[in-house]
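Trainee: no sequence on this one, just coordinates:
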């Protein structure tokens, strides 16, 4: 996975290493984020939230709420918001 991340990072760096940031450049960066970066982040978040929800079953009090509700909600919500905004930006400018 590390080499894939390096490849993704390098592609993004190459795409944004320009003197003139045109609409085309912004579209390519957005497309790269949606196609390459967000799926990796979504997989990591899915694994994290599945683990914390499973651990919440044995927790009590505030830790149960944190692990079962708060952390999954924050993590999944952040990914959802970023993905939705990027997708809407792509459709608005297409």
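Mentor: Cool, got the structure. The shown structure was predicted, so the numbers you read here are calculated from the model rather than taken from an experiment.
Trainee: and the lengthiest helix in the chain, which residues are buried?
Mentor: If you go by DSSP state H, the chain has its longest helix at helix 71-93. Within helix 71-93, the residues that qualify as buried are 71, 72, 75, 79, 83, 86, counting by 16 or more other C-beta atoms under 10 Å. All C-beta atoms are positioned from the backbone trio N, CA, C, and that covers glycine.
Trainee: chain center to that helix: distance?
Mentor: 8 Å (C-alpha atoms, centre = their mean, to the nearest Å).
Trainee: Adjust the sequence numbering to begin at 471 for everything that follows.
Mentor: Sure, I'll start numbering at 471, so the last one becomes helix 541-563.
Trainee: What are the contacting residues of stretch 529-541?
Mentor: 518, 519, 522, 523, 525, 526, 527 (C-beta atoms under 8 Å, 6 or more residues apart in numbering).
Trainee: Which residues does the helix or strand containing residue 479 contact?
Mentor: In this assignment (DSSP states H and E), residue 479 forms part of helix 472-486. Helix 472-486 is contacted by residues 495, 498, 499, 502, 503, 506, 507, 510 when judged by C-beta under 8 Å, 6+ apart.
Trainee: now swap in stretch 497-506 and tell me
Mentor: Contacts for stretch 497-506 (C-beta under 8 Å, 6+ apart): 478, 481, 482, 485, 486, 553, 556, 557, 559, 560, 563.
Trainee: Just the endpoints, please. Distance across it?
Mentor: 14 Å (C-alpha to C-alpha, to the nearest Å).
Trainee: and it, how far from the chain's centre?
Mentor: 12 Å.
Trainee: Any buried residues in it, and which?
Mentor: Those would be 498, 499, 500, 502, 503, 504, 506, for stretch 497-506 by 16+ other C-beta under 10 Å.
Trainee: Can you redo the buried residues of helix 541-563 as TSV, where the extra columns are distance to residue 533 and pLDDT?
Mentor: Formatted as TSV, those follow (distance: C-beta to C-beta, whole Å; pLDDT from 0 to 100):
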residue	distance to residue 533	pLDDT
541	10	96
542	14	97
545	16	96
549	23	96
553	29	95
556	33	93
